[in-house]
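Engineer: Take a look and give me a structure for this.
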Amino acid sequence: MFRYLARRLLNGLLVLLGVVSLVFLIFNLKQVDPARMLADQRSSPEALEAIRKDLGLDLPMGTRYLQYLNDISPVSIHARTDRDSPFFIDLEQRSGVRLFGVGGSQVVLKPPYLRRSFQSRRDVSAILAEAFPNTAILALVAMGFAVVIGIAMGTWAAVRKGTWVDTLLLGISALGMAGPSFFIAVLVAWLGGFVWYDTVSLPGLPVMLALMGPVLWLRARLLRRTSGSGDRYAQLSFGGLLLGLL
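Structural biologist: Below you'll find the model as predicted:
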């Protein structure tokens, strides 16, 4: 049991490292200079270089990658006294606890540091904290709608197994599961925000459109599961009797 849990934990850490590395490469290999995005078009080369130094973009990519891993890791290694080191941390300005020191380095326990936004120059953690309450409400409401609609449609498909109702509902489920949820969400946001918003102009339209993406995807999964479970349930003697009453 312990070996199984250790193997699963190791696999999870490797997947997380792979995702983090892929995100880092995507944002660092693209031909976009954040310094030019932040600076004025008439900024001097010295001003651009100062912005790059402030953002750490003047460092080699390997150093930036190690610095990025060090920042997002809860347990990290930092320079203790060398303020010019890219791995220096000031524990008076950033929350963290020094565990122990080794030579000129120190091991620190801290919350993951997500750095600052290139556009607003605010901490990313503060931006996420502001957006989290509304995101949580949206997710809970979407899940509630999806549970009610998905279970109802899945039960109906199980009751009408082999009819056009079953075929239609399972076809809708297949389309919903085949379409990536992030693509559906972007498509719905584009339609509501740019195509339909001025035409329809309903008071609650932004909220309804925000709910549509997750509701459609969750509903499709619940419909598929409920239909399959209902079909197996109907094969039992008492299950067939109860579903026959419906």
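Engineer: make it CA atoms for all contacts and neighbour counts henceforth
Structural biologist: Will do.
Engineer: who's in contact with Gln119?
Structural biologist: Neighbour list for Gln119: Leu38 [criterion: Cα atoms under 8 Å, 6 or more residues apart in numbering].
Engineer: my guess is Ser76 meets Ser105, correct?
Structural biologist: No. Between Ser76 and Ser105 there is no contact under Cα atoms under 8 Å: 10.3 Å.
Engineer: how far away is Val75 from Asp33?
Structural biologist: Per Cα to Cα, to the nearest Å, Val75 is found 30 Å from Asp33.
Engineer: just Phe88 next, same as before
Structural biologist: Counting by Cα to Cα, the gap from Phe88 to Asp33 is 25 Å.
Engineer: Over to Ala129?
Structural biologist: Noted for Ala129: a distance of 27 Å to Asp33, by Cα to Cα.
Engineer: got it, and Leu140?
Structural biologist: Note on Leu140: its distance to Asp33, by Cα to Cα, is 38 Å.
Engineer: Could you do Gly103 as well?
Structural biologist: When distance is defined by Cα to Cα, Gly103 is 37 Å away from Asp33.
Engineer: Counting neighbours, go ahead and name the busier of the two.
Structural biologist: Using other Cα atoms under 10 Å as the criterion, Gly103 and Asp33 rank with Asp33 on top: 12 against 7.
Engineer: tell me the SS of Val107?
Structural biologist: strand (DSSP: H, G, I helix; E, B strand; the rest coil).
Engineer: Surely it is in contact with Ile77?
Structural biologist: Yes. Under the criterion of Cα under 8 Å, Val107 is in contact with Ile77, at a separation of 4.6 Å.
Engineer: Neighbour count for the two, which is higher?
Structural biologist: Ile77 (21 against 17).
Engineer: And what about the more buried one, helix, strand or coil?
Structural biologist: Secondary structure, three-state DSSP: Ile77 is strand.
Engineer: residues contacting it?
Structural biologist: Counting by Cα under 8 Å, 6+ apart, Ile77 touches Asn70, Phe87, Ser105, Gln106, Val107, Val108.
Engineer: what about it, distance to Gly144?
Structural biologist: 44 Å.
Engineer: Tell me the helices and strands packed up against whichever helix in the chain runs longest.
Structural biologist: The longest helix of the chain (DSSP state H) is helix 124-159. Using 3 or more Cα pairs under 8 Å, 6 or more residues apart in numbering; DSSP states H and E, the elements in contact with helix 124-159 are helix 164-178, helix 205-234.
Engineer: average pLDDT for the last one?
Structural biologist: Rounded to a whole number, the mean pLDDT of helix 205-234 is 54.
Engineer: Need the phi and psi values for Pro74.
Structural biologist: Per-residue torsions, Pro74: phi -60, psi -30 (degrees, to the nearest 10).
Engineer: contacting residues around it?
Structural biologist: Listed by Cα under 8 Å, 6+ apart, the contact set of Pro74 reads Val108, Leu109, Lys110, Pro111, Pro112.
Engineer: The third one reaches Gly96, doesn't it?
Structural biologist: Yes. Assessed by Cα under 8 Å, Lys110 is found in contact with Gly96 at 4.2 Å.
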